[in-house]
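**Q** Give me coordinates for this.
(one chain, ligands or ions: 1)
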Amino acid sequence: MTPGVTPLVAGNWKMNGTAASLGEIRDVCAGLDHKDALPHETLLCLPATLIERAASVAADSVLSIGGEDCHPLESGAHTGDISAEMLADAGATAVIVGHSERRTDHSETNALVADKAKAAWRAGLSAIVCVGETREERESGNAENVVASQLAGSVPDAMNAANTVIAYEPVWAIGTGLVPSGDDIEAMHALIRRIMTERFGSEGEGVRILYGGSVKPANAKEIFSIANVDGGLVGGASLKASDFLAICEGVGA
Ligand SMILES: O=C(CO)COP(=O)(O)O
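**A** Numbers count the residues shown, from 1 in each chain. Reported below is the predicted structural model:
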């Protein structure tokens, strides 16, 4: 954790969830809301089809709802795309941009990710900008260079600690049950902090840097205790309320 920074525990449901899953959202709200003064903020990023209903379920809760991607433009002839304004209209307060699955599945470049972050801000959303190396990049000793260049290209100049969150998600740790060593997480988060602080000064010092990749109830507390890890971006384990709530318990524990 970073002193003075409010941690964020965020879920990413990816391409999962239908109306039948709204009960999980209800259970997350119930689990969070009986606690006074939680030490962290809590967010679930959902498929666009669920955002409005989930935002309604969470309306009186400390749980916030986000999207998983947005188009850079506000509107237009872009069949199948969703703008940041549409996400905000549906009740989202944040959106993930540049997730590795989108960088891979949709050939998203750093420049496009930066445009999506700007679109998020234009709509009043905070942008969760994802970075992370592949297994080959780590094994060839290039992880730090890859993450540095993703940050340089994907984070626009107008970033501040309130409108942006950085998520470090090593591609090889996503959905695999593999997690980097504590030393490796610490080293990468220290590098990200240094890069952000050199470029953005106090905004970089205060920006939240989340770890993502096989975060589970069993490892969350240990991961969240690492310096410059200001919470997590949780995939599979965010689909079940009990697991997600158990991960939240790892903050400040
Ligand atoms: O990609 C992730 C979150 O964005 C991480 O997914 P898992 O937690 O399922 O590894």
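
**Q** Quick check, Cys29 in contact with Leu63.
**A** Yes - with contact defined as Cβ atoms under 8 Å, Cys29 and Leu63 form a contacting pair (5.2 Å). All C-beta spots, glycine's among them, are computed from the backbone N, C-alpha and C.

**Q** quick one: which of these two has more around it?
**A** Leu63 (24 against 21; other Cβ atoms under 10 Å).

**Q** check contacts around that one.
**A** Shown in contact with Leu63 (Cβ atoms under 8 Å, 6 or more residues apart in numbering): Ile25, Val28, Cys29, Leu32, Thr42, Leu43, Leu44.

**Q** Who is it paired with across the strands?
**A** Thr42 (DSSP bridges).

**Q** mind checking pLDDT for it?
**A** pLDDT, Leu63: 97.

**Q** cool, and Leu112?
**A** At Leu112, pLDDT is 98.

**Q** who in this protein is up against the ligand?
**A** Applying Cβ under 6 Å from any ligand atom, we find that the chain lies next to the ligand at 12, 99, 169, 174-175, 212-215, 233-237.

**Q** can we see that at 8 Å?
**A** Within the chain, the residues that sit near the ligand (Cβ under 8 Å from any ligand atom) are 11-12, 14, 45, 96, 99-101, 130, 167, 169, 173-177, 212-216, 233-238.

**Q** Show me which of those are buried.
**A** 11-12, 14, 45, 96, 99-101, 130, 167, 169, 173-174, 212-216, 233-238 (16 or more other Cβ atoms under 10 Å).

**Q** Now stretch 172-189: average pLDDT?
**A** 98.

**Q** how long is that stretch end to end?
**A** 17 Å (Cα to Cα, to the nearest Å).

**Q** Not counting its own residues, what contacts it?
**A** Contacts to stretch 172-189, defined as Cβ under 8 Å, 6+ apart, come from residues 100-101, 132-135, 138, 143-144, 147, 168, 170, 209, 211-215, 219, 222-223, 226-229, 235-236.

**Q** Give me the number of neighbouring residues for Val5.
**A** 16.

**Q** close enough to count as contact, Val9 and Cys45?
**A** No - contact between Val9 and Cys45 fails when scored by Cβ under 8 Å: they sit 11.6 Å apart.

**Q** Poorly predicted segments of the stretch 101-250 of the chain, please.
**A** For the stretch 101-250 of the chain, applying pLDDT under 70 flags no range at all.

**Q** got the contact list for the residue in the stretch 151-253 of the chain that the ligand sits nearest to?
**A** As assessed by Cβ to the nearest ligand atom, the ligand sits closest to Gly235 within the stretch 151-253 of the chain, at 2.2 Å. Contact analysis of Gly235 by Cβ under 8 Å, 6+ apart lists Gly11, Asn12, Lys14, Ile174, Gly175, Gly212, Val215.
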